[in-house]
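Quick one: sequence plus predicted model below, questions after.
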Number of protein chains: 2
Amino acid sequence: MYDILMVEDEEELAGLLRIYMEKAGFAVAWVASGEEALLWLQREKVKLLLLDITLPGIDGFAVCREVRRAGSTPVLIISARVGKEDQLNGFRLGADDYIEKPVDPDLLVAKISSLFARAYGIASEKEILYSGNLMIDKSAHRVYKDKMPVELNAKEYELLLLMAENPGKTLDKDFLFNKIWGADSFSESQTLTVHIKMLRNKIEENPRKPERIKTVWGVGYCYEEL
Amino acid sequence: MYDILMVEDEEELAGLLRIYMEKAGFAVAWVASGEEALLWLQREKVKLLLLDITLPGIDGFAVCREVRRAGSTPVLIISARVGKEDQLNGFRLGADDYIEKPVDPDLLVAKISSLFARAYGIASEKEILYSGNLMIDKSAHRVYKDKMPVELNAKEYELLLLMAENPGKTLDKDFLFNKIWGADSFSESQTLTVHIKMLRNKIEENPRKPERIKTVWGVGYCYEEL
DNA sequence: AATCAATTATTAAAATTTGTTAGATAAATA
DNA sequence: TATTTATCTAACAAATTTTAATAATTGATT
């Protein structure tokens, strides 16, 4: 898989940028139009998209929109248009950055590296998870509520983490149970609900009226990011 | 916990930016020097750091370096210095972006939002089905009518989803029943109509004159997308 | 238009399922 | 062994689903 797909119709610029990017260790693919870009992306994945806006045919904005519809691939826009509206539009479509021409290759490479680090380096091994007034420090295996440590035991911690990593999603009881206790395990009956109860006692403001761990009747529980 | 810690010694600019950022929904804390910033960060976590470079005492670069040493908090640098070297230096220290003064508040907010989405996955993919003034959040298993939550229980939810996924089509009673209750199941007699009734009570403007769930005599029901 | 049978709607209450909770017991850990 | 943590029990509470009886509506027939 290539690291970068560059969509740029000016051949000379494309050549220059490619040299710089490859010198920085990125594997670069190049296409010259929006149509080609979309076709290319149908066949193959890429880690980052470097996208000129002014292209013949389908323009960069449209490509950006399509890419965002499909996933969260980082998109870096290059444009000769200097208007603020164009930039805002780019961000609205989900671009990660917007660079105005003329492009300084060193800066471009710096930005790409930064974006790579954010998207693939640090973020993937995010050690700390924030969720409203809750902070879950994965490396320390510890949870803080309003900056005050909360003492959770192992099962409670696992439960909370699993739910907090899927905020806003209803996880059904079987899923939760299987993830934490393992497929079989005789118990099940009440043991999950009991643990939910204890968790709520520890992290809910008012455990009788849970705001954070909502129960979805007949299905399971849903963690709300407050 | 605050979303953003702004480190900026120009009080007027700080005030202006704060207004824009808060309007965009971010909780903003503000300190005016590098020393304060470091002290602040020792006590409290923050989701994003907005950092001016030219500060009295400890400058922005030094703060950035410290922050990176401690973790992967997103850092956005603002600077009055327009040199390419300064920018490269910022990126080298691990900054996520570098904005030159004068700062356009709209663009700043756009960049911050983009960075938030990248770092915290706010643009997390959710399965949502829109149908007129109804919104069905499949991942949360929840339904909203005019943005207000509607409390549906399991069977009602299944029914609604099944119908909403086939708008404008008349689904006959057997089909609905079999899909939700399963082929056999003694009951049937009234149980479907009762559930339809309850659904209508919850999502129709005037349950006596259903606009959304129409009954098709002798056949079944038809969900209208309004 | 009036009648009739079939179908659907409404309602309330019974039956069932599911959730909560506190406390007892067992298991693991120090 | 003392202490903590995990699991289970059982009674209770609450919400959901079904049943069943009655009312209203529809479409066909006269």
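Cool, got the structure.

Tell me the buried residues in the helix or strand of chain A with the lowest mean pLDDT?
Across the helices and strands of chain A, mean confidence by mean pLDDT, DSSP states H and E is lowest for strand A:128-131: a mean of 77. The neighbour-count criterion (16 or more other C-beta atoms under 10 Å in any protein chain shown) identifies A:129, A:130, A:131 as the buried residues of strand A:128-131. From N, CA and C alone the C-beta is placed, and that goes for glycine too.

Then stretch A:77-94?
Neighbour-count burial for stretch A:77-94, counted by 16+ other C-beta under 10 Å, picks out A:77, A:78, A:79, A:86, A:87, A:88, A:89, A:90, A:91, A:93, A:94.

ok, now stretch A:195-205?
Counting neighbours by 16+ other C-beta under 10 Å, the buried set in stretch A:195-205 is A:195, A:196, A:198, A:199, A:200, A:202, A:203.

Is the one helix or strand the fourth one maps to in proximity to DNA strand D?
Residue A:199 is part of helix A:191-203 when elements are defined by DSSP states H and E. Yes. With C-beta under 7 Å from any atom of the strand as the threshold, helix A:191-203 lies in contact with DNA strand D, specifically through A:191, A:194, A:195, A:198.

Tell me how far the last one lies from residue A:36.
It refers to residue A:198. In this structure, residue A:198 and residue A:36 are separated by 57 Å, where distance is defined by C-beta to C-beta, to the nearest Å.

ok, which stretches of chain A are strands?
Residue ranges of the strands in chain A, as given by DSSP state E, are A:2-7, A:28-31, A:46-52, A:75-79, A:97-100, A:128-131, A:134-137, A:142-145, A:148-150, A:170-172, A:213-216, A:220-223.

How about residues contacting the second one?
Where contact means C-beta atoms under 8 Å, 6 or more residues apart in numbering or on different chains, the residues beyond strand A:28-31 that reach it are A:2-8, A:14, A:18, A:21-22, A:37, A:40, A:46.

again, only using 10 Å
Contacts of strand A:28-31 from elsewhere in the structure, counted by C-beta atoms under 10 Å, 6 or more residues apart in numbering or on different chains, are A:1-9, A:11, A:14-15, A:17-22, A:36-41, A:44, A:46, A:48, A:50, A:55.

domains of chain A?
A:2-125, A:128-223 (automatic domain parsing).

Mind pulling up the pLDDT for the closest residue to residue A:156 other than its chain neighbours?
Spatial nearest neighbour of residue A:156, chain neighbours left out: residue A:199 (5.1 Å); criterion: C-beta to C-beta, 6 or more residues apart in numbering or on different chains. Reading off the per-residue confidence, residue A:199 sits at a pLDDT of 90.

Distance check, residue A:22 against residue B:113.
From residue A:22 over to residue B:113 the distance is 32 Å, taken as C-beta to C-beta.

cool, residue A:8 as well?
Applying C-beta to C-beta to residue A:8 and residue B:113 gives a distance of 26 Å.

So for the two, which residue has more residues nearby?
residue A:8 (24 against 18; other C-beta atoms under 10 Å in any protein chain shown).

didn't residue A:128 look like it was pressed against residue B:71?
Yes. Counting by C-beta atoms under 10 Å, a contact exists between residue A:128 and residue B:71, whose distance comes to 6.9 Å.

Give me the common contacts of those two.
Both residue A:128 and residue B:71 are contacted by residue B:45, under the criterion C-beta under 10 Å, 6+ apart.

what about the most centrally placed residue in chain A, distance to chain B?
When C-alpha atoms, centre = their mean is applied to chain A, the residue found nearest the centroid is residue A:72 (6.5 Å). Counting by C-beta to the nearest C-beta, to the nearest Å, the gap from residue A:72 to chain B is 7 Å.

Surely that residue touches residue B:117?
Yes. Contact between residue A:72 and residue B:117 holds when scored by C-beta under 10 Å: they sit 8.4 Å apart.

Mean neighbour count, the domains of chain A: which tops it?
Among these, ranked by average contacts under mean count of other C-beta atoms under 10 Å in any protein chain shown, first place goes to domain A:2-125 (a mean of 18).

what about that one, distance to the chain center?
Averaging C-alpha positions (C-alpha atoms, centre = their mean, to the nearest Å) puts domain A:2-125 17 Å from its chain's average.

tell me the mean pLDDT over that domain?
Mean predicted confidence for domain A:2-125 is 91.

I'd like the buried residues of strand A:128-131 laid out as JSON lines, including distance to chain B.
Shown next, in JSON lines, are these (distance: C-beta to the nearest C-beta, whole Å):
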{"residue": "A:129", "distance to chain B": "9"}
{"residue": "A:130", "distance to chain B": "6"}
{"residue": "A:131", "distance to chain B": "10"}
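
so which of those comes closest to DNA strand C?
If you rank the buried residues of strand A:128-131 by distance to DNA strand C using C-beta to the nearest atom of the strand, residue A:131 comes first, at 20.1 Å.

Could you report the distance from the closest one to residue B:41?
If you measure residue A:131 against residue B:41 using C-beta to C-beta, the figure is 20 Å.

any idea how far the residue nearest to residue A:36 when sequence neighbours are not counted is from residue A:74?
Closest residue to residue A:36 apart from its sequence neighbours, by C-beta to C-beta, 6+ apart: residue A:7 at 7.7 Å. Here residue A:7 is placed at a distance of 14 Å from residue A:74 (C-beta to C-beta).
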